[in-house]
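> missing the sequence, but the structure's below:
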């Protein structure tokens, strides 16, 4: 009789293929998501070894990282190497018979937006993708992990992963979220508190009434950034919000199977008395709109705060902070609200879903981009884009002077034509502010969609709570 | 995969914390469809200026470290993206061992798949190794995987832990896909059981 278990323990045990004599543990993988950047070498490896792709029906492919987000991309991609990767995915997807959303398909988008949208992401499943932000899918109570290309090839050939079990970490957030505070601010607050290695070796489960009150979009934003806290995965136990989101999705179960699935899903909760290796609790009332000042997602400050003095830090972090401020072109003591921006980017697998666009549009409505600021809105999928157009959000953005672009990873990582010029400063809804991430020499400040919208309007980082929203 | 058994070589000190995979290999080099040839772009934006000229202050550009085979790094090495291009670039440059107080999980796993040994040691040990690495080319460290030890140029020995299965694969240069395929019957059995219990998946 097993003792009380965590949600992670339960999913792990339900996917255990076997523990090998030599110490490796094999876990079964229910869904494998594939994009064009980390898969070519894995497909090539399979071919070279004369191996088959074991379960094409469990493998879903979509191009996202390399794609330009402008019209005409389905017939021509200017950059040779990008075109080769996108073409190769197309060829591999057709040859191996994968579920596939090509560039021209309205369902195409960022892999972590498409998976949930199409109902591939289900509670209690194991999901992998050659992308660290696979953690996103944990929002549904799935065990979702980013893997490297060798592991991609392993999953392709065997539908399993060799792994040792991670530790359990519980992050509880309680109380109603204050006005102007979103899932992104929760994520940045957690990372600011525990650091980018704070979750290393752990799977995080987010609990508490604040989390329960989040929409699926908010939960995806939060789980998405688990990797920025160093965690192997992040997850949230499924509940009525999850089930309501899933019902009717193209690949979600139907009819009698839906009822059967629901019965199983309702058991996917951590048991009372389950053992946690680490526990953190956060009072939602203490969370404020948060921005980053440095080149690590742990370099956070409340928007009401100032650029910190590196001398305030201990040990090697002091040197890292000095280097970060030098790269970011910031002076200690400068109020965050005085930092002027060049670019406002709304998009990425962290914040490009319909709720994110609604939140940003709410701030932008009836206003215009500050002079000299370039504003970009990049929906997470073709379907999000279509819905935003239907709801009139696209018009709010374009009338304000934003570019309304096609779905893809865009400026989150600068592998496509959307990137910062050296020295340009960007308010971004993405997930990483690393040196060079959005383009060599580019300076990234991470924040929520509403906060990026506010910065776009005023031309500097701005406390969104100070801007009155115009009623629709 | 290359085997890793024992290595005696120059260690390059990189005391910076949170060296992320975007630093190790920037995104523009992820457009390759091969695993080889990335060594020249390892740490590209730190190693070269915007015109492609070498930055003489960067550790791997210093004459005494150009042939480094080991990196001694600050905390949380390899954080960020899952790109296996990071260990590919490290290996292609000629480095087969990275020593730090901690590694990001995905990067850590990726190393073992590419004949690179990542070693986790307590801060006090890494501090000693960092000092040893700062001595330059005359200081050669020895990493011994069967014995699970790192020995400084002065003969100080540190023992490290390593997962027994990963050690076994690295010592023998094993392709773990081949090993797992031998378990096909267990995978088939699992699929049959799971299909009955959770037919909607």
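Everything's here; your move. Note that the structure is predicted; figures quoted are calculated from it, not measured.
> Just confirm residue A:289 contacts residue A:303, I think it does.
Yes: taking Cβ atoms under 8 Å as the definition, residue A:289 is a contact partner of residue A:303 at 4.7 Å. Placement of C-beta: from N, CA and C, glycine included.
> Compare those two (neighbour count), which wins?
residue A:289 (26 against 23; other Cβ atoms under 10 Å in any protein chain shown).
> Next, show the common contact partners of residue A:289 and residue A:303.
A:447, A:451, A:463, A:464 (Cβ atoms under 8 Å, 6 or more residues apart in numbering or on different chains).
> Reformat those residues as TSV; add distance to chain B.
Formatted as TSV, these follow (distance: Cβ to the nearest Cβ, whole Å):
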residue	distance to chain B
A:447	19
A:451	23
A:463	28
A:464	28
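> which ones are touching residue A:161?
Residue A:161 touches A:26, A:27, A:29, A:126, A:128, A:145, A:147, A:151, A:154, A:155, counting by Cβ under 8 Å, 6+ apart.
> what's the burial count for residue A:419?
22.
> was I right about it contacting residue A:437?
No: judged on Cβ under 8 Å, residue A:419 makes no contact with residue A:437 at a distance of 9.5 Å.
> most residues in a single strand of chain B, which one?
Scanning chain B for the longest strand, with DSSP state E as the assignment, gives strand B:6-14.
> Report the buried residues of that one.
B:7, B:9, B:10, B:11, B:12, B:13, B:14 (16 or more other Cβ atoms under 10 Å in any protein chain shown).
> my guess is the third one meets residue B:62, correct?
Going back to what we said before, that points to residue B:10. No: Residue B:10 is beyond contact range of residue B:62, at 10.7 Å (criterion: Cβ under 8 Å).
> Could you break chain A into its assigned domains?
A:7-166+A:240-261, A:167-238+A:269-286, A:290-471 (automatic domain parsing).
> Could I get the full set of helices for chain B?
B:21-24, B:44-47, B:85-93, B:105-112, B:123-133, B:164-172, B:176-181, B:184-197 (DSSP state H).
> of all the ones you listed, which lies closest to residue A:255?
helix B:184-197 (17.2 Å; Cβ to Cβ).
> what's the burial count for residue A:346?
With other Cβ under 10 Å as criterion, residue A:346 counts 32.
> what bridges to it?
In this entry, residue A:346 is beta-bridged to residue A:377, by DSSP bridges.
> Quick check: the farthest pair among the shared contacts of residue A:289 and residue A:303?
Applying Cβ to Cβ across the shared contacts of residue A:289 and residue A:303, the maximum distance is between A:447 and A:463, 10.6 Å.
> neighbour count winner among these two?
The neighbour count for residue A:447 versus residue A:463, taken as other Cβ under 10 Å, is higher for residue A:447 (30 against 18).
> Pull the contacting residues for the more buried one.
So residue A:447 contacts A:184, A:188, A:289, A:290, A:291, A:292, A:303, A:427, A:428, A:429, A:455, A:461 (Cβ under 8 Å, 6+ apart).
> The second one looks like it's in a helix, true?
Yes: under DSSP: H, G, I helix; E, B strand; the rest coil, residue A:188 sits within a helix.
> can you map out the helices along the stretch 201-350 of chain A?
A:209-212, A:216-224, A:240-246, A:255-265, A:316-328 (DSSP state H, counting those that start in this stretch).
> Buried deepest among those, which one?
helix A:216-224 (a mean of 28; mean count of other Cβ atoms under 10 Å in any protein chain shown).
> Give the burial count for residue 191, as a bare number.
Since no chain was named, I'll use chain A. Neighbours of residue A:191 using other Cβ under 10 Å come to 26.
> meant chain B actually
15.
> do the one 3 residues further on as well
With neighbours defined by other Cβ under 10 Å, the count for residue B:194 comes to 16.
> do you know how far it is from residue A:249?
Residue B:194 sits 21 Å away from residue A:249, going by Cβ to Cβ, to the nearest Å.
> Over to residue A:354?
From residue A:354 to residue A:249 the distance is 14 Å (Cβ to Cβ).
> Which positions in the stretch 101-250 of chain A make contact with chain B?
Contact residues (Cβ under 8 Å from any Cβ of the partner chain) of the stretch 101-250 of chain A with chain B: A:122, A:124-125, A:130-132, A:134, A:146-151, A:153-154, A:157-160, A:162, A:164, A:166, A:196-197, A:200-201, A:227, A:230, A:232.
> So which of those residues sit within strands?
Reading strands off these with DSSP E, I get A:146, A:160, A:162.
> Any chance of a markdown table for those residues, columns pLDDT and distance to residue A:82?
A markdown table is the format used below for those (pLDDT from 0 to 100; distance: Cβ to Cβ, whole Å):
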| residue | pLDDT | distance to residue A:82 |
| --- | --- | --- |
| A:146 | 98 | 21 |
| A:160 | 98 | 32 |
| A:162 | 93 | 32 |
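> Which one of those is nearest to residue A:236?
Distances from residue A:236 to those, taken by Cβ to Cβ, are shortest for residue A:146, at 17.6 Å.
> what's the burial count for the closest one?
24.
> partners of it in the sheet?
Under the criterion used (DSSP bridges), residue A:146 bridges to residue A:129.
> For chain A, which helix or strand comes out least confident on mean pLDDT?
The weakest-scoring helix or strand in chain A, judged by mean pLDDT, DSSP states H and E, is strand A:16-19 (a mean of 90).
> ok, residues contacting stretch A:264-277?
A:3-7, A:9-11, A:123-124, A:141, A:167-170, A:202, A:205, A:207, A:237-238, A:242-243, B:198.
> Please apply the same query to stretch A:238-257.
Contacts of stretch A:238-257 (Cβ under 8 Å, 6+ apart): A:116-120, A:122-124, A:139-141, A:212, A:214-216, A:219, A:258, A:260-262, A:265-266, A:268, B:199-200.
> and if we set it to 7 Å?
The contact list for stretch A:238-257, computed with Cβ atoms under 7 Å, 6 or more residues apart in numbering or on different chains, reads A:118-120, A:122-123, A:140-141, A:212, A:215-216, A:261-262, A:265, A:268, B:199-200.
> before we move on, what about stretch B:177-194?
A:17, A:18, A:26, A:28, A:153, A:154, A:157, A:158, A:159, A:160, A:162, B:201.
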